[in-house]
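Participant: Pasting a predicted model and its sequence here:
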Amino acid sequence: MAYSKSLTLVLGATGQVGKRVVPYLQADDGVEVVLGTRFPEKLSDPGVRKVLLDLDRPETLAPALAGVERVFMMTGYSVDMLRQSKDFLNAARRAGVRHVVHLGACGDDDTRIDHYAWHQFVERYIEWCGFSFTHLRPEIFMQNLLGYGGETFVNRGVIRHFVGDARLSWVDCDDVAAAAAACVARSDEHAGRTYRLGYEAKSFREVADTFSEVLGQPFAYEARPPAEFLERVIAAGAEPAYMRCVYQSYALLTAGADIGADAVFDNLPAITGRRPRTIADFARANAGSFRY
Ligand SMILES: NC(=O)c1ccc[n+]([C@@H]2O[C@H](COP(=O)([O-])OP(=O)(O)OC[C@H]3O[C@@H](n4cnc5c(N)ncnc54)[C@H](OP(=O)(O)O)[C@@H]3O)[C@@H](O)[C@H]2O)c1
């Protein structure tokens, strides 16, 4: 047989979360990793096993899934995620995949934010397919502060954003990745669980204060109208249907609506054995990107 039983396929292995999942899994003796990407030729590390996987090209799915037992599944910032997820899960079922760890989004089950709800439909489809599963629902990525949807938000001490004074629950992508890897590697322990991942509630004004303190330079928050976000990310080439949902959530937050965006959780030590990274940790680790 060409593959070991514990072969794990990582989707989005070149993205912010997936690329951080890979080293955690490679460090685990029980897991053999294969990276799924549309551009395998760009992954030059010869020690890494990679495979062509394009969620928009169904013919690539069965070959990419051959022999795979576990999957870290993610999709990009696009409404295409709905069709892509269904195609992928159907192929994974046919291939005999056992456990799926899914990167979803924020919110509790009653959420009315559109793209969070899309992710929850994907979760339900994963369950309907009969996989053993772990659903991850991260809150806002700290890495968004480095840029998001083709937009940058921190420039020479000014943090420009579009949620008014709302407090958001933050998580570092590395903590999301560590949790994902733990759920893949110890899939039996984490089967059937939904983990919301968000550990520190801060408004952008409070983020600016933390940046000032940690980086030793003044940072200030400038609240901008949510419509400006939509205009700018679409001009930068982001997918409009998904970004309209993000815009709607920003508009609600700017208006002061309580959409549960500040919910924090205490599950990371139990999942990964380490404490969550803070905004101060993130500022320190990325000082070179923020200092001016
Ligand atoms: N940003 C946030 O605050 C936040 C919060 C909660 C949840 N999320 C969720 O996180 C997810 C995005 O994660 P991320 O930030 O890690 O994404 P990302 O950095 O934008 O990476 C996207 C990845 O998807 C892959 N990809 C794109 N189109 C593909 C296709 N057609 N077939 C196969 N692979 C494809 C890309 O791989 P290749 O280019 O190598 O093919 C890339 O590795 C979204 O589902 C979002 O809802 C984000």
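Facilitator: Arrived safely.
Participant: How far does the helix or strand hosting residue 222 sit from its chain's centre?
Facilitator: Following DSSP states H and E, one finds residue 222 within strand 220-223. In terms of Cα atoms, centre = their mean, to the nearest Å, the centre of strand 220-223 is found 25 Å from the chain centre.
Participant: Equivalent analysis for stretch 229-245, please.
Facilitator: Its chain's average C-alpha position is 18 Å from that of stretch 229-245, according to Cα atoms, centre = their mean.
Participant: gap between the two ends of it?
Facilitator: Using Cα to Cα, to the nearest Å, one end of stretch 229-245 lies 12 Å from the other.
Participant: Is it positioned near the ligand?
Facilitator: No: Stretch 229-245 lies out of reach of the ligand by Cβ under 6 Å from any ligand atom, never closer than 7.8 Å. For the C-beta atoms, the positions are set from N, CA and C on the backbone; glycine is no exception.
Participant: Could I get the full set of helices for this protein?
Facilitator: For the chain, the helices defined by DSSP state H cover 18-26, 61-65, 81-95, 114-129, 173-185, 187-190, 204-215, 226-235, 240-254, 268-272, 279-285, 287-290.
Participant: Just give the number of residues close to whichever residue of the chain sits closest to the ligand.
Facilitator: At 2.2 Å from the ligand, residue 15 is the closest residue in the chain, using Cβ to the nearest ligand atom. Residue 15 is flanked by 18 other residues according to other Cβ atoms under 10 Å.
Participant: From residue 74, how far off is residue 146?
Facilitator: 18 Å (Cβ to Cβ, to the nearest Å).
Participant: For these two, indicate the residue with more neighbours.
Facilitator: Comparing residue 146 with residue 74 by neighbour count (other Cβ under 10 Å), the higher total belongs to residue 74, at 25 against 16.
Participant: Surely the more buried one is in contact with residue 15?
Facilitator: Yes: counting by Cβ atoms under 8 Å, residue 74 does reach residue 15; the two are 6.9 Å apart.
Participant: Just give the closest residue to residue 14, not the sequence neighbours.
Facilitator: The shortest distance from residue 14 to any non-neighbouring residue, by Cβ to Cβ, 6 or more residues apart in numbering, is to residue 37 (5.5 Å).
Participant: got a list of what the one you found touches?
Facilitator: Counting by Cβ atoms under 8 Å, 6 or more residues apart in numbering, residue 37 touches 13, 14, 43, 50, 51, 52, 53.
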